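A.B. asks: have a look at this prediction, sequence included:
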Amino acid sequence: MRRTTTFPVSGHNGMAFWCRIAPLWRVAWNFFWIELSRFLPFLPLKNWLLRHLVGMNVAPTAAVGLMVMPDILRPDLIHIGPESIIGYNVTILTHEFLPRAYRLGTVEIGSWVLIGANATILPGVRIGDGAIVGAGAVVTRDVPPGTIVGGVPARVIGRVSDMEPEDTSPDSDKYLNDNNAFKGDRN
């Protein structure tokens, strides 16, 4: 279940009331710094900028990838834990507009989380420690710690504990075919 607060509106659709969420000057400020951060490849500088100029709670050891798009209106409602990786072009929303209302909700991303490229995280969602969100997933509800989710909408497809580390060393038998074609490379 998502944790959002709904604000009913009348007379116009919810988007017409965006200025109730944040004043124009703050939206312009957020837009400038977030847009700049999307192109910065320097993770410590990007994290500092998002923390100090935009108000996001980003752990210093988190990795926010290129083109990540945090919410422009309320980025201060986004929390990213230590050692988490937010992949290329991920969208993290803390607001949503409806025909007769708008909603706000905090997004909490735990520690050691991996969010794949082009995923979308909706408002009011918690992603537990050590979880993996597949590329292109749309996260519409909480992700339990240590789980793997994927799809639209995102569903649990496995557990991180079920994934065994792969031996990719040159001495691994994986690199030897039936004819031992690479056996000579070991010398």
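C.D. replies: Looks like it came in fine.

A.B. asks: give me the pLDDT for the residue nearest to A135 when sequence neighbours are not counted.
C.D. replies: Nearest residue to A135, sequence neighbours excluded (C-beta to C-beta, 6 or more residues apart in numbering): G116, at 3.4 Å. For the C-beta atoms, the positions are set from N, CA and C on the backbone; glycine is no exception. On the pLDDT scale, G116 is placed at 97.

A.B. asks: quick one: residues contacting G116.
C.D. replies: Shown here is G116, whose contacts under the criterion C-beta atoms under 8 Å, 6 or more residues apart in numbering are 87, 90, 132-137.

A.B. asks: quick one: buried ones out of those?
C.D. replies: Buried positions within these, assessed by neighbour count (16 or more other C-beta atoms under 10 Å), are 87, 90, 132-134, 137.

A.B. asks: out of the contacts of G116, list just those in strands.
C.D. replies: Using DSSP state E to define strands, the subset of the contacts of G116 located there is 132-133.

A.B. asks: closest one to T147 out of the contacts of G116, please.
C.D. replies: Nearest to T147 among the contacts of G116: I132, at 7.6 Å, using C-beta to C-beta.

A.B. asks: what helices or strands is the longest helix belonging to the chain leaning on?
C.D. replies: Longest among the helix segments of the chain by residue count, using DSSP state H, is helix 24-39. In this structure, helix 24-39 packs against helix 43-49, strand 69-70, with contacts taken as 3 or more C-beta pairs under 8 Å, 6 or more residues apart in numbering; DSSP states H and E.
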